[in-house]
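S.K.: my questions concern the predicted model and sequence given below.
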Amino acid sequence: MSKSRLSVFLSLLFVFISGAILGGLGYRWYTINNPAEKGSGPRAPRDPAEVKKRIVAEMKDFLKLDSDQVQKLETILEDTREKFEGVHQEMNQKGKEIWQVQVEQINNILRPEQRPLYQQLRDKHEREREERKKQHQHGIQPETSKK
């Protein structure tokens, strides 16, 4: 190699390596300082009793609540949780009804020999959904979808 070619090669190598290092450092800095990234991983299910305890303790300390106010606050939080659970159950039931209508409509457009295959596909998706649900409950990061 001539001296000028070696110089060009080393210059390009230096630029490439420094770009890779700066890119890696920039990515690391971004993921550490990006608030959206901090809450993006799976988290353990939150215990409603623990959440309520934390809220009551924070409000009691910060607002200087007396014992009567603490008791009323606990009642309010419990009533609110029960209302949200009721709404959640209603939404789940309505969602299941909508899903069932979809399944029936799809079955209506399929030929008789396709319906068992569609059921197999639905069963497969249900097993995968249950597996993801178990992994999420245990805080395990699900694998990327396999093709």
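M.R.: Great, that's in hand.

S.K.: in three-state terms, label residue 77 for me.
M.R.: Under the three-state scheme (DSSP: H, G, I helix; E, B strand; the rest coil), the conformation of residue 77 reads as helix.

S.K.: isn't it right up against residue 56?
M.R.: Yes. Between residue 77 and residue 56 a contact is recorded at 7.2 Å, counting by Cβ atoms under 8 Å. Every C-beta, even on glycine, is put in place using the N, C-alpha and C of the backbone.

S.K.: can you check which residues contact both of the two?
M.R.: Here residue 77 and residue 56 have no joint contacts, going by Cβ atoms under 8 Å, 6 or more residues apart in numbering.

S.K.: tell me how many other residues crowd residue 51.
M.R.: The tally of other residues near residue 51 (other Cβ atoms under 10 Å) stands at 12.

S.K.: what's the answer for residue 2, then?
M.R.: 7.

S.K.: same question, the one 3 residues further on
M.R.: Residues contacting residue 5 under the criterion other Cβ under 10 Å number 9.

S.K.: where do the helices sit along the chain?
M.R.: 3-33, 35-38, 48-63, 67-109, 115-137 (DSSP state H).

S.K.: including mean pLDDT, could the ones you listed go into a markdown table?
M.R.: Putting the helices of the chain into a markdown table (pLDDT from 0 to 100) gives the following:
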| stretch | mean pLDDT |
| --- | --- |
| helix 3-33 | 86 |
| helix 35-38 | 54 |
| helix 48-63 | 91 |
| helix 67-109 | 94 |
| helix 115-137 | 91 |
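
S.K.: what is the neighbour count of residue 119?
M.R.: For residue 119, the count of nearby residues is 12 (other Cβ under 10 Å).

S.K.: actually residue 65, not the one I typed
M.R.: Count around residue 65 with other Cβ under 10 Å applied: 15.

S.K.: the one 4 residues further on now?
M.R.: Residue neighbour count, defined by other Cβ under 10 Å, stands at 13 for residue 69.

S.K.: mind listing what it touches?
M.R.: Per Cβ under 8 Å, 6+ apart, neighbours of residue 69: residue 63.
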